[in-house]
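Engineer: compute the structure for the input listed below.
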Amino acid sequence: MEEVTPVPSPRDGGADGGPLLDVRDLHVEFHTREGVVRAVNGVNYSVSAGETLAVLGESGSGKSVTAQAIMGILDMPPAKIPQGEIRFRGQDMLTMSAEERRKIRGRRIAMIFQDALSSLNPVLEPDLIIADEPTTALDVTVQAQVMDLLAELQREYNMGLILITHDLGVVADVADKIAVMYAGRIVEQAPVHELYKRPAHPYTRGLLDSIPRLDQKGQELYAIKGLPPNLLRVPTGCAFNPRCPKAQDICRTEIPELLAVTERDGGELPGRASACHFWKETIHG
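Structural biologist: Just a heads-up that it's a prediction; the model follows:
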(Lines give C-alpha, C1' and ligand atoms only; values in the text may rest on other atoms or scores of the structure.)
Protein backbone atom coordinates (compact mmCIF):
# COMPACT_ATOMS: atom_id res chain seq x y z
CA MET A 1 0.00 0.00 0.00
CA GLU A 2 1.31 3.48 -0.89
CA GLU A 3 2.40 5.45 2.14
CA VAL A 4 0.53 8.71 2.63
CA THR A 5 2.30 11.68 4.20
CA PRO A 6 0.05 13.33 6.81
CA VAL A 7 -0.92 16.93 6.14
CA PRO A 8 -0.20 19.30 9.06
CA SER A 9 -3.25 20.63 10.89
CA PRO A 10 -3.90 24.35 10.31
CA ARG A 11 -3.31 24.77 14.05
CA ASP A 12 0.16 23.24 13.85
CA GLY A 13 3.25 25.18 12.93
CA GLY A 14 5.07 24.86 9.63
CA ALA A 15 5.13 21.69 7.60
CA ASP A 16 8.35 20.67 9.35
CA GLY A 17 6.96 21.32 12.82
CA GLY A 18 8.55 24.78 12.91
CA PRO A 19 6.93 28.06 13.96
CA LEU A 20 3.57 29.21 12.68
CA LEU A 21 5.07 32.55 11.58
CA ASP A 22 8.77 33.15 10.98
CA VAL A 23 9.98 36.64 10.04
CA ARG A 24 13.56 36.60 8.75
CA ASP A 25 15.86 39.58 8.11
CA LEU A 26 12.93 41.83 7.20
CA HIS A 27 13.68 45.30 5.84
CA VAL A 28 11.07 47.96 5.04
CA GLU A 29 11.83 51.33 3.48
CA PHE A 30 9.70 54.36 2.64
CA HIS A 31 10.88 56.47 -0.29
CA THR A 32 9.93 60.11 0.36
CA ARG A 33 10.87 63.49 -1.05
CA GLU A 34 13.11 64.06 1.95
CA GLY A 35 14.95 60.76 1.50
CA VAL A 36 14.71 57.07 2.32
CA VAL A 37 13.17 56.19 5.68
CA ARG A 38 14.49 52.81 6.80
CA ALA A 39 11.64 51.88 9.13
CA VAL A 40 12.54 48.21 9.65
CA ASN A 41 16.12 46.96 9.57
CA GLY A 42 16.75 43.23 9.69
CA VAL A 43 13.95 42.12 12.01
CA ASN A 44 13.81 38.45 12.99
CA TYR A 45 11.11 36.89 15.15
CA SER A 46 8.83 33.87 15.23
CA VAL A 47 5.54 32.77 16.78
CA SER A 48 4.29 29.22 17.31
CA ALA A 49 0.72 27.96 17.68
CA GLY A 50 -0.63 28.82 21.13
CA GLU A 51 2.24 31.24 21.80
CA THR A 52 2.12 34.98 22.51
CA LEU A 53 4.88 37.32 21.35
CA ALA A 54 4.76 40.89 22.63
CA VAL A 55 6.53 43.45 20.43
CA LEU A 56 7.37 46.56 22.45
CA GLY A 57 8.70 49.99 21.66
CA GLU A 58 7.89 53.68 21.43
CA SER A 59 6.20 55.25 18.42
CA GLY A 60 8.44 55.02 15.36
CA SER A 61 10.22 51.87 16.54
CA GLY A 62 9.01 49.85 13.54
CA LYS A 63 6.73 47.46 15.42
CA SER A 64 3.54 48.41 13.54
CA VAL A 65 5.29 48.66 10.16
CA THR A 66 6.56 45.10 10.63
CA ALA A 67 3.00 43.95 11.33
CA GLN A 68 1.68 45.80 8.28
CA ALA A 69 4.32 44.10 6.14
CA ILE A 70 3.16 40.72 7.46
CA MET A 71 -0.45 41.60 6.60
CA GLY A 72 0.45 43.05 3.20
CA ILE A 73 -1.26 46.37 3.90
CA LEU A 74 1.70 48.69 3.30
CA ASP A 75 1.17 51.29 0.59
CA MET A 76 3.72 50.29 -2.06
CA PRO A 77 4.98 52.79 -3.14
CA PRO A 78 6.14 54.67 -1.10
CA ALA A 79 6.89 51.53 0.95
CA LYS A 80 9.31 48.90 -0.33
CA ILE A 81 10.50 45.56 1.08
CA PRO A 82 14.05 45.26 -0.33
CA GLN A 83 14.89 42.03 1.47
CA GLY A 84 13.66 39.47 3.97
CA GLU A 85 11.20 36.62 4.32
CA ILE A 86 7.78 36.33 5.97
CA ARG A 87 7.15 32.59 6.31
CA PHE A 88 3.69 31.40 7.31
CA ARG A 89 3.63 27.67 8.04
CA GLY A 90 6.89 27.33 6.13
CA GLN A 91 5.91 29.27 3.00
CA ASP A 92 7.32 32.71 2.19
CA MET A 93 4.38 35.06 1.65
CA LEU A 94 6.60 37.60 -0.10
CA THR A 95 7.14 35.17 -2.99
CA MET A 96 3.49 34.04 -3.23
CA SER A 97 1.07 35.19 -5.89
CA ALA A 98 -1.46 37.84 -4.92
CA GLU A 99 -4.21 35.20 -4.92
CA GLU A 100 -2.24 32.91 -2.58
CA ARG A 101 -1.62 35.80 -0.20
CA ARG A 102 -5.32 36.74 -0.17
CA LYS A 103 -6.20 33.22 0.98
CA ILE A 104 -3.98 33.66 4.03
CA ARG A 105 -4.27 37.29 5.01
CA GLY A 106 -7.56 38.08 6.70
CA ARG A 107 -8.66 34.45 7.08
CA ARG A 108 -5.61 32.62 8.41
CA ILE A 109 -3.88 35.74 9.77
CA ALA A 110 -6.12 38.48 11.18
CA MET A 111 -5.17 41.92 12.45
CA ILE A 112 -7.07 44.00 14.98
CA PHE A 113 -6.45 47.57 16.02
CA GLN A 114 -7.81 49.83 18.75
CA ASP A 115 -11.40 49.25 19.92
CA ALA A 116 -10.50 45.58 19.95
CA LEU A 117 -13.70 44.33 21.61
CA SER A 118 -15.75 45.23 18.53
CA SER A 119 -12.96 44.20 16.14
CA LEU A 120 -12.83 40.69 17.58
CA ASN A 121 -16.47 39.89 16.92
CA PRO A 122 -16.07 39.02 13.22
CA VAL A 123 -12.80 37.12 13.66
CA LEU A 124 -13.41 33.52 12.62
CA GLU A 125 -10.81 31.28 14.15
CA PRO A 126 -7.63 32.51 12.43
CA ASP A 127 -4.37 30.67 13.04
CA LEU A 128 -2.68 33.94 14.05
CA ILE A 129 -3.94 37.25 15.42
CA ILE A 130 -1.86 40.43 15.28
CA ALA A 131 -3.21 42.90 17.86
CA ASP A 132 -1.84 46.41 17.27
CA GLU A 133 -2.14 48.56 20.41
CA PRO A 134 -5.50 46.94 21.33
CA THR A 135 -5.63 48.55 24.79
CA THR A 136 -4.44 52.09 23.97
CA ALA A 137 -6.63 54.87 25.45
CA LEU A 138 -8.83 52.34 27.29
CA ASP A 139 -9.51 52.39 31.02
CA VAL A 140 -8.10 49.62 33.16
CA THR A 141 -11.36 47.63 33.29
CA VAL A 142 -11.77 47.56 29.52
CA GLN A 143 -8.06 46.77 29.06
CA ALA A 144 -8.57 43.69 31.23
CA GLN A 145 -11.63 42.67 29.19
CA VAL A 146 -9.68 42.92 25.93
CA MET A 147 -6.75 40.89 27.23
CA ASP A 148 -9.07 38.27 28.77
CA LEU A 149 -10.92 37.90 25.47
CA LEU A 150 -7.70 37.48 23.51
CA ALA A 151 -6.48 34.87 26.01
CA GLU A 152 -9.81 33.01 25.80
CA LEU A 153 -9.69 32.91 22.00
CA GLN A 154 -6.12 31.72 22.09
CA ARG A 155 -6.86 28.90 24.53
CA GLU A 156 -9.92 27.77 22.60
CA TYR A 157 -8.33 27.75 19.14
CA ASN A 158 -4.60 27.37 19.96
CA MET A 159 -3.89 30.53 17.99
CA GLY A 160 -0.60 32.35 17.80
CA LEU A 161 -0.78 35.95 19.01
CA ILE A 162 1.45 38.96 18.30
CA LEU A 163 0.67 41.75 20.73
CA ILE A 164 2.06 45.13 19.64
CA THR A 165 2.24 47.74 22.38
CA HIS A 166 4.32 50.48 23.95
CA ASP A 167 3.08 49.51 27.41
CA LEU A 168 5.09 46.89 29.32
CA GLY A 169 2.40 46.91 31.99
CA VAL A 170 -0.18 45.08 29.86
CA VAL A 171 1.97 42.15 28.71
CA ALA A 172 3.41 40.67 31.90
CA ASP A 173 0.54 38.22 32.43
CA VAL A 174 -0.19 37.33 28.79
CA ALA A 175 3.05 37.14 26.81
CA ASP A 176 5.40 34.16 26.56
CA LYS A 177 8.27 36.14 25.07
CA ILE A 178 9.09 39.74 24.22
CA ALA A 179 10.89 41.50 21.38
CA VAL A 180 11.87 45.11 22.15
CA MET A 181 12.26 47.38 19.11
CA TYR A 182 14.02 50.72 18.74
CA ALA A 183 14.58 52.72 15.53
CA GLY A 184 13.63 49.80 13.29
CA ARG A 185 15.73 47.14 14.99
CA ILE A 186 15.14 44.53 17.66
CA VAL A 187 17.39 45.50 20.57
CA GLU A 188 16.39 42.75 23.01
CA GLN A 189 14.59 39.40 22.99
CA ALA A 190 13.73 37.33 26.05
CA PRO A 191 11.14 35.13 27.74
CA VAL A 192 8.74 37.52 29.45
CA HIS A 193 9.62 36.86 33.10
CA GLU A 194 13.36 36.86 32.38
CA LEU A 195 13.09 40.27 30.71
CA TYR A 196 11.18 41.79 33.63
CA LYS A 197 13.61 40.31 36.13
CA ARG A 198 16.89 41.06 34.35
CA PRO A 199 16.75 43.33 31.29
CA ALA A 200 19.87 43.16 29.10
CA HIS A 201 19.52 46.48 27.26
CA PRO A 202 19.44 50.02 28.72
CA TYR A 203 16.39 50.89 26.60
CA THR A 204 14.44 47.97 28.07
CA ARG A 205 15.57 49.03 31.53
CA GLY A 206 14.24 52.52 30.82
CA LEU A 207 10.86 51.15 29.68
CA LEU A 208 10.60 49.04 32.83
CA ASP A 209 11.53 51.97 35.08
CA SER A 210 8.78 54.02 33.39
CA ILE A 211 6.01 51.68 34.62
CA PRO A 212 4.04 53.31 37.48
CA ARG A 213 4.43 51.41 40.77
CA LEU A 214 2.18 51.42 43.83
CA ASP A 215 5.18 51.52 46.17
CA GLN A 216 6.35 54.79 44.55
CA LYS A 217 3.11 56.73 44.99
CA GLY A 218 3.74 60.46 45.09
CA GLN A 219 7.17 60.19 43.49
CA GLU A 220 8.00 61.64 40.09
CA LEU A 221 7.56 59.03 37.33
CA TYR A 222 10.75 58.09 35.53
CA ALA A 223 10.95 58.90 31.81
CA ILE A 224 13.66 58.06 29.27
CA LYS A 225 15.33 61.35 28.36
CA GLY A 226 15.02 62.73 24.84
CA LEU A 227 12.94 61.44 21.95
CA PRO A 228 13.21 58.55 19.48
CA PRO A 229 15.31 59.52 16.44
CA ASN A 230 14.05 60.86 13.14
CA LEU A 231 14.46 57.81 10.89
CA LEU A 232 15.80 60.04 8.11
CA ARG A 233 18.70 60.96 10.40
CA VAL A 234 19.37 58.01 12.66
CA PRO A 235 22.45 58.54 14.88
CA THR A 236 25.60 56.66 13.90
CA GLY A 237 26.47 53.62 15.94
CA CYS A 238 23.75 52.48 18.32
CA ALA A 239 20.62 54.50 17.57
CA PHE A 240 19.85 54.71 21.30
CA ASN A 241 23.22 56.25 22.24
CA PRO A 242 22.05 59.91 22.55
CA ARG A 243 19.51 58.83 25.20
CA CYS A 244 21.52 56.06 26.88
CA PRO A 245 23.01 56.54 30.37
CA LYS A 246 25.63 53.87 29.64
CA ALA A 247 26.78 55.18 26.22
CA GLN A 248 30.52 55.22 25.53
CA ASP A 249 32.63 56.02 22.46
CA ILE A 250 32.06 52.64 20.78
CA CYS A 251 28.29 53.18 21.03
CA ARG A 252 28.60 56.28 18.83
CA THR A 253 30.51 54.55 16.05
CA GLU A 254 29.57 50.85 15.88
CA ILE A 255 26.09 49.32 15.54
CA PRO A 256 25.86 46.49 18.09
CA GLU A 257 24.74 43.10 16.79
CA LEU A 258 21.86 41.19 18.36
CA LEU A 259 23.82 38.47 20.17
CA ALA A 260 23.02 35.71 22.64
CA VAL A 261 23.01 36.71 26.30
CA THR A 262 24.64 34.36 28.83
CA GLU A 263 25.19 33.99 32.55
CA ARG A 264 28.39 35.32 34.11
CA ASP A 265 29.99 31.88 33.79
CA GLY A 266 28.95 31.58 30.14
CA GLY A 267 25.93 29.40 30.91
CA GLU A 268 23.16 29.49 28.32
CA LEU A 269 20.09 31.69 28.77
CA PRO A 270 17.61 30.23 26.25
CA GLY A 271 15.75 32.73 24.11
CA ARG A 272 17.78 35.71 25.29
CA ALA A 273 19.58 38.18 23.04
CA SER A 274 20.66 41.83 23.27
CA ALA A 275 22.00 44.41 20.83
CA CYS A 276 24.14 46.35 23.29
CA HIS A 277 27.90 46.65 23.53
CA PHE A 278 27.53 46.60 27.31
CA TRP A 279 24.80 44.03 27.86
CA LYS A 280 26.92 42.25 30.49
CA GLU A 281 27.04 45.36 32.66
CA THR A 282 23.31 45.88 32.14
CA ILE A 283 22.12 42.38 33.03
CA HIS A 284 24.71 41.46 35.64
CA GLY A 285 25.25 44.88 37.19
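Engineer: so where's the stretch 51-200 of the chain uncertain?
Structural biologist: Counting by pLDDT under 70, the ranges of the stretch 51-200 of the chain that qualify are 114-124, 136-139.
Engineer: show me where it has its strands.
Structural biologist: Taking DSSP state E, counting those that start in this stretch, the strands of the stretch 51-200 of the chain run over residues 52-56, 79-88, 91-92, 109-112, 128-132, 160-165, 177-182, 185-191.
Engineer: so which residues of the stretch 101-250 of the chain form helices?
Structural biologist: For the stretch 101-250 of the chain, applying DSSP state H, counting those that start in this stretch gives helices covering 116-119, 140-157, 192-197, 202-209.
Engineer: I'd like to know which of these lies nearest to Gly271.
Structural biologist: Among the helices of the stretch 101-250 of the chain, helix 192-197 comes nearest to Gly271, with 7.5 Å by CB to CB. In this view, the C-beta of every residue, glycine as well, is placed from N, C-alpha and C.
Engineer: who does that closest one touch, helix- and strand-wise?
Structural biologist: strand 177-182, strand 268-274 (3 or more CB pairs under 8 Å, 6 or more residues apart in numbering; DSSP states H and E).
Engineer: run the last query once more with 10 Å
Structural biologist: strand 52-56, strand 177-182, strand 185-191, helix 202-209, strand 268-274 (3 or more CB pairs under 10 Å, 6 or more residues apart in numbering; DSSP states H and E).
Engineer: and the pLDDT for the residue lying closest to Leu258 once chain neighbours are set aside?
Structural biologist: Once flanking residues are discounted, Leu258 sits nearest to Ala275: 4.3 Å by CB to CB, 6 or more residues apart in numbering. With respect to pLDDT, Ala275 scores 97.
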